[in-house]
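Asks: Need coordinates for the following:
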Amino acid sequence: MHIVLAEPGQPGTPECASRDRDHIEVKWSPPRNDGGNPVKGYIVERREKNAKKRDWTKINRGDLHRVRSFFVMENH
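Replies: Numbering: from 1, shown residues only. Predicted coordinates:
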């Protein structure tokens, strides 16, 4: 027997759950299609508003497991 699993789809569009001068909390929904396996984690990236589209920086340490929100504090 040969089982082929597909890649999961994209998670939902990130939304701002809360924000202040020096932080933002971002939430999203899981992908509609998990590709046949549960999603193992998420990677959160950011880029400056006027930066080039390829200038993304990973901001979480390790993958976020079973979590669909992330709290970011500036300069921490």
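
Asks: can I assume Pro31 is in contact with Pro8?
Replies: Yes: using C-beta atoms under 8 Å, Pro31 is in contact with Pro8, at 4.7 Å. Where you see a C-beta, it was placed from the backbone N, CA and C, and this is true even at glycine.

Asks: Give the residues shared as contacts by these two.
Replies: Counting by C-beta atoms under 8 Å, 6 or more residues apart in numbering, the residues touching both Pro31 and Pro8 are Val39.

Asks: Quick check on those two: which one has the bigger neighbour count.
Replies: Between Pro31 and Pro8, counted using other C-beta atoms under 10 Å, the more crowded position is Pro8 (17 against 14).

Asks: What separation do you get for that one and Glu45?
Replies: Distance from Pro8 to Glu45, counting by C-beta to C-beta, to the nearest Å: 17 Å.

Asks: could you measure the residue nearest the centre of the chain against Gly9, distance?
Replies: For the chain, Val44 is the residue whose C-alpha lies nearest the centre (C-alpha atoms, centre = their mean; 4.1 Å). Using C-beta to C-beta, Val44 is found at 18 Å from Gly9.

Asks: same question, Asn33
Replies: 4 Å.

Asks: quick one, strands of the chain?
Replies: Secondary structure of the chain by DSSP state E: the strands cover 15-20, 23-27, 45-46, 57-58, 69-73.
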